[in-house]
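J.: Predicted model, plus sequence, below.
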Amino acid sequence: AQSVTQLGSHVSVSEGALVLLRCNYSSSVPPYLFWYVQYPNQGLQLLLKYTSAATLVKGINGFEAEFKKSETSFHLTKPSAHMSDAAEYFCAVSARAGGTSYGKLTFGQGTILTVHP
Amino acid sequence: KAGVTQTPRYLIKTRGQQVTLSCSPISGHRSVSWYQQTPGQGLQFLFEYFSETQRNKGNFPGRFSGRQFSNSRSEMNVSTLELGDSALYLCASSQTNGGSYEQYFGPGTRLTVT
């Protein structure tokens, strides 16, 4: 079974500082990996995805993530935080094969990012 | 293209009642997945439909059911509501049946059971 662990339920940074949100996955084979962001009272918006092409993936709003198979990690980073980045971030994994993987994303518990002026 | 739409956005029901939630996927998307989001359990997968067939189901009781229509619109139904069913219900659509394609989420339906 797949699982995702997000280290740190809350992360606080100053505006302009580096954002680092951690995600580790557990899967028997390298899965597909995603980062989503959720603003209050809204659904989830896709930031970026890894599907076995380049290991460094660039997403929207200046975010990027690096897939490291040896560390089973997919950490999300942004060089300079903006006030508008304050939200909850979810790492998710999807299996490559069909069957029990159809349409199923397994999510981490989420990390709330706070950005201080 | 219009995004995923969900109706209604907010619902208040009483224990024991049933409820039906609706989801319209992005045009051309044939896969629709449903998730339940609660503060305690986080985001949990309910089920997925593709071409009117349920292909995958999460670990939820039989009170939770769904269906998909020929135009890919989907509904989920919860019968005999319990207080613990209070949650944000999210639907997501995807372009293909492959696992690599991202899911696009709707704004959710906030269900409150009293």
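T.: Yep, it's here.

J.: Could you pick out the residues of chain A near chain B for me?
T.: A:31-32, A:34, A:36, A:41-46, A:49, A:51, A:90, A:92, A:94-110 (C-beta under 8 Å from any C-beta of the partner chain). Quick note: C-beta positions are derived from backbone N, CA and C, even for glycine.

J.: Keep only those of these that are in strands.
T.: Using DSSP state E, A:32, A:34, A:36, A:44, A:45, A:46, A:49, A:90, A:92, A:94, A:106, A:107 are the members of the residues of chain A next to chain B that sit in strands.

J.: In a markdown table, list the residues you listed along with neighbour count and pLDDT.
T.: Formatted as a markdown table, these follow (neighbours: other C-beta atoms under 10 Å in any protein chain shown; pLDDT from 0 to 100):
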| residue | neighbour count | pLDDT |
| --- | --- | --- |
| A:32 | 21 | 88 |
| A:34 | 27 | 94 |
| A:36 | 26 | 98 |
| A:44 | 28 | 96 |
| A:45 | 16 | 96 |
| A:46 | 17 | 95 |
| A:49 | 21 | 92 |
| A:90 | 25 | 98 |
| A:92 | 26 | 95 |
| A:94 | 25 | 87 |
| A:106 | 22 | 93 |
| A:107 | 21 | 96 |
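
J.: so where's the chain shaky on pLDDT?
T.: Because you didn't say which chain, this covers chain A. A:97-100 (pLDDT under 70).

J.: wait, I meant chain B there
T.: Along chain B, segments meeting pLDDT under 70 span B:97-100.

J.: how close does the residue nearest to the spatial centre of it get to chain A?
T.: Centroid-nearest residue in chain B, with C-alpha atoms, centre = their mean: residue B:34, separated by 3.2 Å. As judged by C-beta to the nearest C-beta, to the nearest Å, residue B:34 and chain A stand 9 Å apart.

J.: Quick check: closest non-adjacent residue to that residue.
T.: Sequence neighbours aside, residue B:46 is the residue nearest to residue B:34 in space, at 4.1 Å (criterion: C-beta to C-beta, 6 or more residues apart in numbering or on different chains).

J.: And the one helix or strand that neighbour maps to, what's buried?
T.: Per DSSP states H and E: residue B:46 is located in strand B:42-50. Applying a neighbour-count criterion of 16 or more other C-beta atoms under 10 Å in any protein chain shown, one finds B:43, B:44, B:45, B:46, B:47, B:48, B:49, B:50 buried in strand B:42-50.

J.: List the residues that contact the second one.
T.: Contacts were defined as C-beta atoms under 8 Å, 6 or more residues apart in numbering or on different chains; by that measure residue B:44 touches B:35, B:36, B:37, B:38, B:58, B:59, B:60.

J.: Nearest to residue B:88, out of those: which one, please.
T.: Closest approach between the contacts of residue B:44 and residue B:88, by C-beta to C-beta: residue B:37, at 4.3 Å.

J.: who does the closest one bridge with?
T.: Judged by DSSP bridges, the bridge partners of residue B:37 are residue B:43, residue B:88.

J.: What's the local residue count around residue B:69?
T.: Neighbour count for residue B:69, taken as other C-beta atoms under 10 Å in any protein chain shown: 11.

J.: Thought residue B:53 was touching it, still the case?
T.: No: with contact defined as C-beta atoms under 8 Å, residue B:69 does not count as touching residue B:53 (11.9 Å).

J.: what about the residue lying closest to residue B:25 once chain neighbours are set aside, how many neighbours?
T.: The spatial neighbour of residue B:25 that comes closest, neighbours along the chain excluded (C-beta to C-beta, 6+ apart), is residue B:93 at 3.2 Å. Residue B:93: 25 surrounding residues under other C-beta under 10 Å.
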